[in-house]
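Peer 1: 3D model of this:
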Amino acid sequence: MLIPNNEIIPKFEHLKDLKFPPYYERTLDNGIKLFVVEDSEFPLVTTRFVFKTGAFFDTMYKSGVAYLVSKLLNKGTKRFSATELSEQIDYYGAVVSTGCGYDATYIYSNCLKKYLNEIFELVNEIVWQPTFEQSEIDREKYRLLNVIISELDEADYLAERLFKKTVYKNTPYFLNVKGNQDSLNAITRNDIVDFYSRYYSPENLIFAIVGDITIKEVEELIESSFGKLSKGVAVGKQIVNLSKEEGININLVEKKGAVQSEIQIGHLGVTRDNTDYIKIYVMNMILGGYFTSRINRNLREIHGYTYGARSAFNYYKWAGDFCVDTNVKTKQTRAAVKEILKEITKMRVELVREEELETVKNYVTGNFPLQLETANAIATHIINLEFYELEKDYYNTFISKVNSVTREDVLEVANKYLDPDNISVCISGDVDKLIKDFESLGKVNIITNLKDLQ
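Peer 2: Residues are numbered from 1 along each chain as shown. As a prediction, the model looks like this:
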């Protein structure tokens with residue numbers, strides 16, 4: 001856009017902190033943590049149940065048990081079959097979904113206010129009265145087995161699994177959340193029922209409700225539905241024995257017929273409650289966190305190796321990792337890896353430019369309010385405060401804390417949390433062509449059996 005000679009572009013001022021929606025908080029006698037946000041702008045109500053359990057706890061059973069449990073919750077209750085449940089939810093024009101990660105399981109619902117009682121009753125049954133019918137178990141296991149078999153033909157999946165296996169070896173975080181062919185075939189209904197009985201208790205539940213509802217209405221709803229439930233056993237602090245790689249380790253897995261390489265490069269990181277989180281966030285945005293970041297500019301614009309490259313710190317409850325991922329032509333793989341390592345090293349030895357830092361601050365702070373636009377997003381952010389044990393004013397001070405990050409802060413956390421000299425390079429591609437290129441860069445390990453990556 002052309003600016004007339006007599007007009008001056010206004011100077012951009014840093015955004016000020018926004019006020020996170022006020023919320024009501026209460027711990028029920030049975031241990032349920034309750035959060036309520038009143039918002040009558042639209043006649044809608046969103047609920048989010050989060051149990052503090054996930055695939056991390058599969059080690060006591062078989063890989064995939066936690067995920068199976070989460071997916072079977074809405075596949076039949078004492079009153080309704082899976083089909084009947086689906087018909088009931090559709091009848092009220094509502095949405096109900098379930099899912100599971102490493103650290104937590106969620107049950108989400110969204111409906112019109114006038115149907116809240118009906119939908120909440122259904123969700124209540126889904127959470128507390130699942131039947132785990134053998135026919136539904138068999139059907140879900142069959143679906144997952146086909147998903148896993150299909151994924152084994154995808155280069156990005158192979159690179160991701162290779163990275164997880166390498167970085168999180170001997171810890172629950174190397175497991176595939178969905179399980180693997182052997183474990184899924186071995187899972188019994190007793191495994192599923194026992195996992196549910198052990199971990200799905202009020203003491204492990206965080207519940208947030210956002211929308212056109214009053215605190216009094218929520219209290220009545222909760223007391224009638226959850227008030228008489230007994231506490232159960234809480235999930236305590238978990239110890240994860242992590243071991244960092246020494247040197248540059250090259251891990252290759254064959255992707256038959258590959259004409260390009262899927263690359264994931266990284267090492268162990270930090271947990272979400274790390275006190276340097278915001279500084280790390282800003283530093284990573286500069287490095288590879290958004291489209292005009294250093295890594296993407298280097299690989300995409302300067303060298304033309306790829307359509308996109310990104311870096312991220314992935315945070316879990318008990319561990320975390322730093323990872324750069326991209327895909328390039330086979331013959332450009334080594335060069336791309338060297339450029340990535342160069343950019344990581346550069347972050348540790350040079351102060352970032354002031355203009356570069358200001359651009360990222362503006363991007364991060366300008367994008368932050370967009371993350372709070374939906375009721376589900378607000379519910380998720382509130383639950384994160386509790387789940388990751390963050391400060392109560394975290395969101396109210398987020399923007400000012402981002403704006404206070406200095407060039408020296410970025411250099412400090414880059415040196416503290418980036419380690420290009422001790423890093424895992426995981427690549428899915430044409431191994432025969434790649435191995436010669438990487439033998440001089442570091443120790444090379446080749447995975448020949450794809451089942452090892454499930």
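Peer 1: quick one: the residue nearest to residue 254 when sequence neighbours are not counted and residue 164, what's the gap?
Peer 2: Excluding the flanking residues, the one nearest residue 254 by Cβ to Cβ, 6 or more residues apart in numbering is residue 431, at 4.6 Å. In short, each C-beta sits where N, CA and C put it, glycine included. According to Cβ to Cβ, to the nearest Å, residue 431 stands 19 Å off from residue 164.
Peer 1: can you check residue 87 too?
Peer 2: As judged by Cβ to Cβ, residue 87 and residue 164 stand 38 Å apart.
Peer 1: more crowded one of those two?
Peer 2: Legend: neighbour count by other Cβ atoms under 10 Å for residue 87 and residue 164, higher for residue 164 (22 against 11).
Peer 1: Helix or strand: which one has the more buried one?
Peer 2: helix 155-167 (DSSP states H and E).
Peer 1: by contact count, what packs against that helix?
Peer 2: In terms of contacts (3 or more Cβ pairs under 8 Å, 6 or more residues apart in numbering; DSSP states H and E), helix 155-167 is packed against strand 248-254, strand 260-268, strand 320-329, strand 423-429.
Peer 1: let's see it at 7 Å
Peer 2: strand 248-254, strand 260-268, strand 423-429 (3 or more Cβ pairs under 7 Å, 6 or more residues apart in numbering; DSSP states H and E).
Peer 1: most packed of those strands?
Peer 2: Stretch with highest mean neighbour count among those: strand 423-429 (a mean of 27; mean count of other Cβ atoms under 10 Å).
Peer 1: Can you tell me what sits against it?
Peer 2: Residues outside strand 423-429 that contact it (Cβ atoms under 7 Å, 6 or more residues apart in numbering) are 155, 158-159, 162-163, 166-167, 245, 248-253, 255, 258, 260-267, 330, 333, 337, 434.
Peer 1: average model confidence for that strand?
Peer 2: In this model, strand 423-429 has an average pLDDT of 96.
Peer 1: how far away is the closest residue to residue 124 other than its chain neighbours from residue 79?
Peer 2: Nearest residue to residue 124, sequence neighbours excluded (Cβ to Cβ, 6+ apart): residue 225, at 4.8 Å. Separation of residue 225 from residue 79 (Cβ to Cβ) stands at 14 Å.
Peer 1: residues contacting the nearest residue to residue 205 once chain neighbours are set aside?
Peer 2: Closest residue to residue 205 apart from its sequence neighbours, by Cβ to Cβ, 6+ apart: residue 32 at 4.9 Å. By Cβ under 7 Å, 6+ apart, the residues touching residue 32 are 202, 205, 207, 226.
Peer 1: could these go into TSV alongside distance to residue 274, secondary structure and pLDDT?
Peer 2: Output for the contacts of residue 32, formatted as TSV (distance: Cβ to Cβ, whole Å; DSSP: H, G, I helix; E, B strand; the rest coil; pLDDT from 0 to 100):
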residue	distance to residue 274	secondary structure	pLDDT
202	29	helix	93
205	26	strand	95
207	26	strand	95
226	33	coil	79
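Peer 1: Using TSV, please lay out those together with neighbour count and distance to residue 172.
Peer 2: Formatted as TSV, those follow (neighbours: other Cβ atoms under 10 Å; distance: Cβ to Cβ, whole Å):
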residue	neighbour count	distance to residue 172
202	21	24
205	24	21
207	23	25
226	18	29
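Peer 1: Just flag the most distant two among those residues.
Peer 2: Pairwise distances across the contacts of residue 32 peak at 9.3 Å for 202 and 207 (criterion: Cβ to Cβ).
Peer 1: that older thread, quick one: which of the helices and strands packed on helix 155-167 is nearest residue 112?
Peer 2: Of these, nearest to residue 112 by Cβ to Cβ is strand 260-268, at 43.1 Å.
Peer 1: How is the protein partitioned into domains?
Peer 2: Following automatic domain parsing, one finds the domains of the chain at 24-225, 248-453.
Peer 1: Minimum distance to residue 236: which of those has it?
Peer 2: Taking these one by one with Cβ to Cβ, domain 24-225 is closest: 9.9 Å.
Peer 1: just how off-centre is that closest one within its chain?
Peer 2: 15 Å (Cα atoms, centre = their mean, to the nearest Å).
Peer 1: What's opposite the residue lying closest to residue 442 once chain neighbours are set aside in the beta bridge?
Peer 2: The shortest distance from residue 442 to any non-neighbouring residue, by Cβ to Cβ, 6+ apart, is to residue 248 (3.4 Å). With DSSP bridges as the criterion, residue 248 is bridged to residue 423.
Peer 1: So which residues of the chain form strands?
Peer 2: In the chain, the strands defined using DSSP state E lie at 24-27, 33-38, 44-51, 95-100, 105-112, 205-211, 248-254, 260-268, 309-315, 320-329, 423-429, 443-447.
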